[in-house]
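Peer 1: Here is my input, please return the structure:
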Amino acid sequence: MPVIKPIYDLRNKANEISELAHKSDEPIFITKNGEGDMVVMSMAQYSKLQLKIDLFSKLAVAQAQKASGDKGRTLSQVMKDLRKRLRETA
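Peer 2: Down below sits the predicted model:
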């Protein structure tokens, strides 16, 4: 369930909003004059969101490659390359 707070609370109850953002691990929607204005979230939640966006971006690239006929690499090719990289860094 979304947490919605008026901008008044952001000005006058910033610590409470911060605690709520960390405890709920959900974004808090701030309204101004009854309309949506901004979103506040913890840094941890923001980092998780950024990781999801990065993953979705990579999945979109892979999906586009597959749609264009790219067959990709076999598991044995991937494992061979990983082992090679590990040996180079060791």
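
Peer 1: What ranges does this structure have for its strands?
Peer 2: Secondary structure of the chain (DSSP state E): strands at 3-6, 28-32, 35-40.

Peer 1: Can you list the strands that the second one pairs with?
Peer 2: If I follow you right, that is strand 28-32. strand 3-6 (parallel), strand 35-40 (antiparallel) (DSSP bridges).

Peer 1: Just the CA coordinates for the last one, please, in PDB.
Peer 2: Provided in PDB are the C-alpha atoms of strand 35-40 (Å, rounded to 0.1, in the frame of the first residue of the first chain):
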ATOM      1  CA  GLU A  35      -1.600  16.600  -6.200                       C
ATOM      2  CA  GLY A  36       1.400  14.300  -6.500                       C
ATOM      3  CA  ASP A  37       4.600  16.200  -6.300                       C
ATOM      4  CA  MET A  38       7.600  14.000  -5.500                       C
ATOM      5  CA  VAL A  39       8.800  10.700  -4.100                       C
ATOM      6  CA  VAL A  40      11.100  10.200  -1.100                       C
END
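
Peer 1: what's in contact with it?
Peer 2: Residues outside strand 35-40 that contact it (Cβ atoms under 8 Å, 6 or more residues apart in numbering): I7, L10, I17, A21, P27, I28, F29, I30, T31. For glycine as for every other residue, the C-beta is placed from the backbone atoms N, C-alpha and C.

Peer 1: List just the nearest of those to G69.
Peer 2: P27 (39.5 Å; Cβ to Cβ).

Peer 1: Dump the strands paired with strand 28-32 to TSV, plus mean neighbour count.
Peer 2: Output for the strands paired with strand 28-32, formatted as TSV (neighbours: other Cβ atoms under 10 Å):
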stretch	mean neighbour count
strand 3-6	14
strand 35-40	12
